[in-house]
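*Asks:* I'll drop the sequence and a predicted model, then ask my questions.
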Amino acid sequence: MLTPVDLEKRVAYLQSPQAVRDRCRLLLERVLAGESEHFRLDLNRMGSVADYVITTMRAHYPTGEIPFHSRWQHFQVGSGERLARLENRLKDMDPLERLRCKWDLAIVSVLLDAGAGSAWKYRDPESQTAVGRSEGLALASFDWFWQGGFSSDPQQPLQVDAAGLERITLADLAAAFQVGPENPLLGLEGRWQLLQRLAQTLRAQPHYFGSGHNLPRPGRLWDAIQPEDPSRGIKAAQVFQAVQRGFSSIWPGRVSLAGIPLGDVWPYPHLPQTEPGSHWVPFHKLSQWMTYSLLEPLQQEGIPIGGLDELTGLAEYRNGGLFVDLGVIQLKQPEIGQQPHPPDSTVIVEWRALTVILLDQVASLIRERLGCSAQELPLVKILQGGTWTAGRQIAAQLRPDASPPIQLLSDGTVF
């Protein structure tokens, strides 16, 4: 019987990047041992993946200046003027309020960033370009934020607060994202419910998000964790831990331990069930994506970021699709790629686990080929430069709709 202290330690472990790597490696070892009914691995093709990613990086970032893989890159699609307008509006604010606004935007936009499906598009009002998938979701959420759609204070439109979220209806969300019979968005209601749970979470944790006159806002998370001297920097894992503690309760229908919801953690029946949580596999994709998206504004304010590679690669369909499409991850049955799978299926859990470890391995190969250190080319830049872009590129070459090689049944809250 685990004591309360032991349970607390177990929760902290399952919410850590180390647990993501540990558990995902166990699944990779099962596949290498031939014990998976779904996949086999051909690691001899990893060199070809590294070369393909390097070619992609050089094509998209010829100067070698690669930004973080974060939500901020998506806001520049379309007319490309959104971030310049935002910076202009925020430039006279004090740095703390400027960071709150940017964190508000990044957090709500990331939470709305589950898979959109191939049919949905957002028509950029400025460029009149139809933009789908993650970039389209980013533009829709940015424009809604810009119009004050998440704020309860007309005098302060560029913020997200609990009262502003609570008054959003499903119809408001559908209108903001241009959803209709001819433009269906996967998981629309799940996204709306997520916004409502975000409001509840903000009110339930005043120590993180403020209360009373200090309206509960997601961006106040920085107030709670900022070091006494921000110029000395902050560890990426500290931001990630705050994201985990602050937002884990918003995820629906997931596993919990000692009454604490764990977020993006899934049971896997082939791991030993010897103690609470021993057969669970954590990924924390959206939490890490959010963390990467919160680090970039800190960097813009001159706050040094340490320990970037403690976080993992993102277990999502572009990174995972890259390894399938280039033959590293091979399907044992063609039917796996012909029908969608729920997120708790062993197909999806194994695919995501393989993706995490293979991202670490391909990052090492890329650095070796380029003669770079992890400090010079951290994983967050390899993802951007990078594996995510290469995954989308190879998908477009192989399938007319650029869909991933394995389909997920999305509820609007999973990658």
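*Replies:* Okay, I see it. Note that the structure is a prediction, hence the values are computed from the model and not measured. Numbering: from 1, shown residues only.
*Asks:* Please count neighbours and contacts with C-alpha atoms only from this point.
*Replies:* Will do.
*Asks:* Any idea how many residues pack against residue 24?
*Replies:* 25 (other C-alpha atoms under 10 Å).
*Asks:* Find the nearest non-adjacent residue to it, please.
*Replies:* Nearest residue to residue 24 in three dimensions, chain neighbours excluded: residue 353, at 4.4 Å (C-alpha to C-alpha, 6 or more residues apart in numbering).
*Asks:* what sits opposite the closest residue to residue 348 other than its chain neighbours in the beta ladder?
*Replies:* Excluding its sequence neighbours, the residue lying closest to residue 348 (C-alpha to C-alpha, 6+ apart) is residue 341, at 6.9 Å. Going by DSSP bridges, residue 341 is paired in beta bridges with residue 408.
*Asks:* any idea of the pLDDT on the residue nearest to residue 24?
*Replies:* Here, the pLDDT recorded for residue 353 equals 98.
*Asks:* now residue 112
*Replies:* pLDDT, residue 112: 91.
*Asks:* Count the neighbours of it for me.
*Replies:* 26.
*Asks:* Phi and psi next, for residue 125.
*Replies:* Here is the backbone geometry of residue 125 (degrees, to the nearest 10): phi -60, psi -20.
*Asks:* ok, it - how many residues close by?
*Replies:* 13.
*Asks:* Pull the contacting residues for the residue nearest to residue 24.
*Replies:* 23-25, 27-28, 283, 315 (C-alpha atoms under 8 Å, 6 or more residues apart in numbering).
*Asks:* which of these lies closest to residue 15?
*Replies:* residue 283 (8.8 Å; C-alpha to C-alpha).
*Asks:* tell me the contacts of the closest one?
*Replies:* So residue 283 contacts 20, 264-265, 314-315, 352-353 (C-alpha under 8 Å, 6+ apart).
*Asks:* try 7 Å this time
*Replies:* Residues in contact with residue 283, defined by C-alpha atoms under 7 Å, 6 or more residues apart in numbering, are 20, 264-265, 315.
*Asks:* From residue 258, how far out is it?
*Replies:* Distance, residue 283 to residue 258, using C-alpha to C-alpha, to the nearest Å: 19 Å.
*Asks:* Kindly report the same for residue 89.
*Replies:* 44 Å.
*Asks:* Could you do residue 380 as well?
*Replies:* Residue 380 is 32 Å from residue 258, by C-alpha to C-alpha.
*Asks:* Surely residue 386 and residue 53 touch.
*Replies:* Yes. Using C-alpha atoms under 7 Å, residue 386 makes contact with residue 53 at a distance of 5.6 Å.
*Asks:* Now name the helix or strand holding the residue nearest to residue 24.
*Replies:* For residue 353, the enclosing helix or strand under DSSP states H and E is helix 346-370.
*Asks:* Need phi/psi at residue 282.
*Replies:* Dihedral angles (degrees, to the nearest 10) for residue 282: phi -90, psi 150.
*Asks:* In contact with residue 304, which residues are there?
*Replies:* 231-234 are the contacts of residue 304 under C-alpha under 7 Å, 6+ apart.
*Asks:* roughly how far apart are it and residue 21?
*Replies:* 25 Å.
*Asks:* Show me what the lowest-mean-pLDDT helix or strand in the chain is in contact with.
*Replies:* Using mean pLDDT, DSSP states H and E, the weakest-scoring helix or strand in the chain turns out to be strand 260-261, at a mean of 84. By C-alpha under 7 Å, 6+ apart, the residues outside strand 260-261 that reach it are 248-249, 254-255.
*Asks:* Which neighbours in the sheet does it have, and how are they oriented?
*Replies:* By DSSP bridges, strand 260-261 pairs with strand 256-257 (antiparallel).
*Asks:* I'd like the distance from the nearest residue to residue 44 once chain neighbours are set aside to residue 258, if you could.
*Replies:* Closest residue to residue 44 apart from its sequence neighbours, by C-alpha to C-alpha, 6+ apart: residue 328 at 7.7 Å. Per C-alpha to C-alpha, residue 328 is found 38 Å from residue 258.
*Asks:* So these two - more neighbours on which side?
*Replies:* residue 328 (22 against 11).
*Asks:* so that one touches residue 47, yeah?
*Replies:* No. In this structure, residue 328 is not within contact of residue 47 by C-alpha under 7 Å, at 10.0 Å.
*Asks:* quick one: contacts of the host helix or strand of residue 106?
*Replies:* For residue 106, the host element (DSSP H and E) is helix 95-111. By C-alpha under 7 Å, 6+ apart, the residues outside helix 95-111 that reach it are 71, 90, 138, 141, 145, 158-160, 217-220, 290, 293-294, 297.
*Asks:* which other residues reach the next helix-or-strand element following it?
*Replies:* The helix or strand immediately downstream of helix 95-111 is strand 121-123, counting by DSSP H and E. If you take C-alpha under 7 Å, 6+ apart as the criterion, strand 121-123 is touched by 129-132, 136, 140, 177-178, 183.
*Asks:* and those residues as JSON lines, adding neighbour count and pLDDT?
*Replies:* Below are the contacts of strand 121-123 laid out as JSON lines (neighbours: other C-alpha atoms under 10 Å; pLDDT from 0 to 100):
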{"residue": "129", "neighbour count": "15", "pLDDT": "90"}
{"residue": "130", "neighbour count": "13", "pLDDT": "93"}
{"residue": "131", "neighbour count": "19", "pLDDT": "91"}
{"residue": "132", "neighbour count": "18", "pLDDT": "90"}
{"residue": "136", "neighbour count": "25", "pLDDT": "94"}
{"residue": "140", "neighbour count": "26", "pLDDT": "96"}
{"residue": "177", "neighbour count": "24", "pLDDT": "97"}
{"residue": "178", "neighbour count": "17", "pLDDT": "97"}
{"residue": "183", "neighbour count": "14", "pLDDT": "96"}
